[in-house]
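*Asks:* no FASTA, just this:
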């Protein structure tokens, strides 16, 4: 068959085009996810995933059941406008909130598709399809409200500390059992629409109740779990619609999010059940080893001298770097130090910030070379030979109680051991505790000095002071 005949054949059988573009989309999704596993290739991974989504959209336009493109075009225009607004006006420091909203949008889309399919075709669906539809709607509804609560906590619209009340876990269990019960009865009797919509209502409520007792310190794990739920909901949508690319993309998203959640819990030495039901951060721990004494403040000029004449400096960023939008300022200080021959590296804790890879994203925006972003396991052996460790807005991920105090709520959590450096400078707004509500004995150690103030302004002033030494 010559090329012209091939084109004519495909035009006469649009289903072939749809399946071919879905195959291309699935391949791009797989390679995109693989590329996202390393900072050096993450950008390429995003482009591959974007290409896969574009192929999936184009392929869908050839679906034989589509006869009117008006709503599709309207959706593409509206979605593009919202996405462009996010890309242009949402700052990198607000990426956790934006990501949570994206999870909510994806989940509510899956839930609405499931509700529409139930209303139109429930009586003609097989038991398997109805089961997939029920899972799609359950996961979609609870992910929608759970993601909105997470976004509210991250944006400080809702308080970041856990919101708890007596008997909360029993209430949550009753809501969950009621939701599952409605799901089961709707499978038994597809005409029982009241039970189906009861499941929808309980799913929305369960999403709220699931996330409100979780503190902001645990948001990285919550974000990963919500991502997993949204992906699994999309995969269930694929089974309902008979859409292979949705099944593949949703499964990749769901299980990668679940694996990431497990890895992050391991990085905090905690279980997923403890994160979801432990209410971490609700009460400030009374037991803190060595958290006594006076926090010694250092003058800006003295800190500049230490940094200027150091051989090696390690910056350890945390959520305070994000809130102060200080990623460019820390890069400028690092450039100034490197100009004087100082070796500069960045110690990255896997759960620093409020979403997976938060610090990597912020520092990449400031054009920090990937080779200088050192993971916790690699940077810790270098800290005893480090002249100055500069902690920028981090608290719990450098708390030595996790290593030294077995009664601490964070006991056993791997940390970046900055207290083993020859000198530690902590940039902090004030003497308050971090999101976990735990006091940090690091701040009272003889090697530690506090440099108070807004991180961005302080780092900018430090850069000028270092250049004037």
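*Replies:* Nice, I can see it. This one's a predicted model, so the numbers in the text were calculated from it and none came from an experiment. Numbering: from 1, shown residues only.
*Asks:* just for this protein, where's the confidence low?
*Replies:* 1-15, 216-217, 269-271, 274-293, 430-437 (pLDDT under 70).
*Asks:* touching stretch 353-367 from outside, list them.
*Replies:* By Cβ atoms under 8 Å, 6 or more residues apart in numbering, the residues outside stretch 353-367 that reach it are 39, 92-93, 95-96, 99, 154, 216, 219-220, 223-224, 260, 264, 317-319, 321-322, 327-328, 330-331, 346, 348-350, 352, 370, 373. Every residue, glycine included, has its C-beta placed from N, CA and C.
*Asks:* can you say which of these are buried?
*Replies:* 39, 93, 95-96, 99, 154, 216, 219-220, 223-224, 260, 264, 317-319, 321-322, 327-328, 330-331, 346, 348-350, 352, 373 (16 or more other Cβ atoms under 10 Å).
*Asks:* which residue is nearest the middle of this protein?
*Replies:* residue 355 (3.0 Å; Cα atoms, centre = their mean).
*Asks:* any idea which helix or strand carries that one?
*Replies:* Using DSSP states H and E, residue 355 is not contained in any helix or strand.
*Asks:* without its sequence neighbours, what residue ends up closest to it?
*Replies:* residue 96 (4.2 Å; Cβ to Cβ, 6 or more residues apart in numbering).
*Asks:* one more: residue 347?
*Replies:* residue 379 (3.9 Å).
*Asks:* the one you found: what's it in contact with?
*Replies:* Contacts of residue 379 by Cβ under 8 Å, 6+ apart are 314, 345, 347-348, 416.
*Asks:* ok, so of the residues you listed, who is nearest residue 444?
*Replies:* Nearest to residue 444 among these is residue 416, at 17.9 Å by Cβ to Cβ.
*Asks:* show me what the one helix or strand residue 205 maps to is packed up against.
*Replies:* Secondary-structure assignment from DSSP H and E places residue 205 in helix 193-211. Packing partners of helix 193-211 (3 or more Cβ pairs under 8 Å, 6 or more residues apart in numbering; DSSP states H and E): helix 95-121, helix 127-154, helix 168-188.
*Asks:* how about it, which residues are buried there?
*Replies:* 195-200, 202-211.
*Asks:* so this structure: which segments form each domain?
*Replies:* As assigned by automatic domain parsing, the chain contains the domains 90-277, 300-468.
*Asks:* now the terminal residues of the shortest one, how far apart.
*Replies:* In domain 300-468, first residue to last residue: 12 Å (Cα to Cα, to the nearest Å).
*Asks:* distance from it to the middle of the chain?
*Replies:* Going by Cα atoms, centre = their mean, to the nearest Å, the spacing between the C-alpha centre of domain 300-468 and its chain's C-alpha centre is 21 Å.
*Asks:* residues contacting residue 72?
*Replies:* Applying Cβ under 8 Å, 6+ apart, the residues contacting residue 72 are 61, 66.
*Asks:* tell me which element it falls in.
*Replies:* helix 70-89.
*Asks:* check residue 391 too.
*Replies:* strand 388-392.
*Asks:* partner strands of that strand, parallel or antiparallel?
*Replies:* With DSSP bridges as the test, strand 388-392 is paired with strand 312-317 (parallel), strand 424-428 (parallel).
*Asks:* and the angle for the helix holding residue 72 with helix 95-121?
*Replies:* Angle, helix 70-89 to helix 95-121, by axes from the mean of the first three to the mean of the last three Cα atoms, to 10 degrees: 170 degrees.
*Asks:* starting at the chain centroid, how far to helix 70-89?
*Replies:* 23 Å.
*Asks:* residue 347 contacts residue 376, doesn't it?
*Replies:* Yes - Residue 347 is within contact range of residue 376, at 6.7 Å (criterion: Cβ atoms under 8 Å).
*Asks:* tell me, what's touching these two both at once?
*Replies:* Joint contacts of residue 347 and residue 376 (Cβ under 8 Å, 6+ apart) are residue 416.
*Asks:* before we move on, back to that, next step: the contacts of stretch 353-367 restricted to helices.
*Replies:* 39, 95-96, 99, 154, 219-220, 223-224, 260, 264, 319, 321-322, 327-328, 330-331 (DSSP state H).
*Asks:* what residues of stretch 73-83 count as buried?
*Replies:* Counting neighbours, the buried set in stretch 73-83 is empty (16+ other Cβ under 10 Å).
*Asks:* show residues contacting it.
*Replies:* Looking at what lies outside stretch 73-83 - Cβ under 8 Å, 6+ apart - the contacts are residue 57.
*Asks:* count the neighbours of residue 469 for me.
*Replies:* Residues lying near residue 469 (other Cβ atoms under 10 Å) number 12.
*Asks:* quick check: closest non-adjacent residue to it.
*Replies:* Here the residue nearest residue 469, using Cβ to Cβ, 6+ apart, is residue 308, at 4.4 Å.
*Asks:* distance of that neighbour from residue 382?
*Replies:* 20 Å (Cβ to Cβ, to the nearest Å).
*Asks:* now swap in residue 96 and tell me
*Replies:* 29 Å.
*Asks:* how about residue 318?
*Replies:* 19 Å.
*Asks:* ok, residue 350 next?
*Replies:* Distance from residue 350 to residue 382, by Cβ to Cβ: 17 Å.
*Asks:* residue 109 and residue 245: what is the separation?
*Replies:* Counting by Cβ to Cβ, the gap from residue 109 to residue 245 is 15 Å.
*Asks:* the more surrounded of the two?
*Replies:* residue 245 (23 against 18).
*Asks:* so who does the more buried one touch?
*Replies:* 22, 25-26, 29, 56, 59, 238.
*Asks:* so can I have TSV of the residues you listed showing secondary structure and neighbour count?
*Replies:* TSV is the format used below for the contacts of residue 245 (DSSP: H, G, I helix; E, B strand; the rest coil; neighbours: other Cβ atoms under 10 Å):
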residue	secondary structure	neighbour count
22	helix	21
25	helix	26
26	helix	19
29	helix	23
56	helix	22
59	helix	20
238	helix	20
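*Asks:* now render those as a markdown table, adding distance to residue 412.
*Replies:* Below are those laid out as a markdown table (distance: Cβ to Cβ, whole Å):
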| residue | distance to residue 412 |
| --- | --- |
| 22 | 46 |
| 25 | 42 |
| 26 | 40 |
| 29 | 36 |
| 56 | 43 |
| 59 | 49 |
| 238 | 40 |
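*Asks:* neighbours of the residue lying closest to residue 26 once chain neighbours are set aside, how many?
*Replies:* What sits nearest to residue 26 in space, not counting adjacent residues and going by Cβ to Cβ, 6+ apart, is residue 248, at 4.5 Å. Residue 248 has 22 neighbours, counted by other Cβ under 10 Å.
*Asks:* swap in residue 326?
*Replies:* 27.
*Asks:* that one is in contact with residue 455, isn't it?
*Replies:* Yes - judged on Cβ under 8 Å, residue 326 makes contact with residue 455 at a distance of 4.2 Å.
*Asks:* can you pull the residues that touch both of those two?
*Replies:* By Cβ under 8 Å, 6+ apart, the residues touching both residue 326 and residue 455 are 320, 392-393.
*Asks:* which one of those residues is nearest residue 303?
*Replies:* Nearest member of the shared contacts of residue 326 and residue 455 to residue 303, counting by Cβ to Cβ, is residue 392, at 12.4 Å.
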